[in-house]
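**Student:** Using only what follows, build the 3D model:
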Amino acid sequence: MRKRQIALSLVIALLAGACGDGAERHPGSALPVADQLKQIDRDFAAETARRGLDGWMVYFADDAARPVFGGDVIRGKIDIRAADSLMFTDPTVQLVWDPTHAGAFRDNDHGFTMGRYQVVKLRDGMLPDTLSRGSYLSIWRRERDGWKVILDTGVSDPD
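**Tutor:** Below is the predicted model:
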């Protein structure tokens, strides 16, 4: 677990050095790229809450990668869907998140969002139970049809 936290910290440090300040605007947009990415990440979370696995997958690029517990890396949208389908089998369990930081790489066609996530179990008329929580990092690439996740990873908080 500690190795994953160190690895995530290193990725974040590398991103900070490779990124602009996020205030740049892409032609045709009134919002700075960092603000665009935060909003797109919020839309991603809302679509996932609404549509489950299908909402989750719509934001991934075809060539995306997801590191998973144990050190393996899942590559490609088809394999990510297969691996993540278990996470969405129980409709009362939801993955929710909110970005706290975002930034753009100097090319303004790549960027990142990071924030906090929770996996919650919904209960009728009651507050949800938190099953796990932690931090996440998503790397985004601008494509013809919008921003897509090319790498998504997270680390659970220590128990």
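**Student:** Give me the longest helix you can find in this structure.
**Tutor:** The longest helix of the chain (DSSP state H) is helix 33-51.
**Student:** in that one, what's buried?
**Tutor:** Neighbour counts over helix 33-51 (16 or more other C-beta atoms under 10 Å) mark Val33, Ala34, Asp35, Gln36, Leu37, Lys38, Ile40, Asp41, Phe44, Ala45, Glu47, Thr48 as buried. Placement of C-beta: from N, CA and C, glycine included.
**Student:** Go ahead and report the secondary structure state at the residue nearest to Arg123 when sequence neighbours are not counted.
**Tutor:** Residue nearest to Arg123 in three dimensions, not counting chain neighbours: Asp129, with 6.7 Å by C-beta to C-beta, 6 or more residues apart in numbering. Here Asp129 is strand, with the state taken from DSSP: H, G, I helix; E, B strand; the rest coil.
**Student:** Tell me the bridge partners for Asp129.
**Tutor:** Lys121 (DSSP bridges).
**Student:** That one: what's it in contact with?
**Tutor:** Val120, Lys121, Arg123 (C-beta atoms under 8 Å, 6 or more residues apart in numbering).
**Student:** One more pass at 10 Å, please.
**Tutor:** Asp129 makes contacts with Thr92, Val93, Val119, Val120, Lys121, Leu122, Arg123, as judged by C-beta atoms under 10 Å, 6 or more residues apart in numbering.
**Student:** For Gln94, see how far away it is.
**Tutor:** Asp129 sits 11 Å away from Gln94, going by C-beta to C-beta, to the nearest Å.
**Student:** and for the two, which residues touch both?
**Tutor:** By C-beta under 10 Å, 6+ apart, the residues touching both Asp129 and Gln94 are Val119, Val120, Lys121, Leu122.
**Student:** what residue is smack in the middle of the protein?
**Tutor:** Ser138 (4.0 Å; C-alpha atoms, centre = their mean).
**Student:** Surely that one forms part of a helix?
**Tutor:** No. Under three-state DSSP, Ser138 sits outside any helix and is assigned strand.
**Student:** That one touches Ala61, doesn't it?
**Tutor:** No. Here Ser138 does not reach Ala61: they are 11.1 Å apart, not a contact under C-beta atoms under 10 Å.
**Student:** lowest average confidence, helix or strand, in this structure?
**Tutor:** Of the helices and strands making up the chain, the lowest-confidence element is helix 2-18, at a mean of 46, by mean pLDDT, DSSP states H and E.
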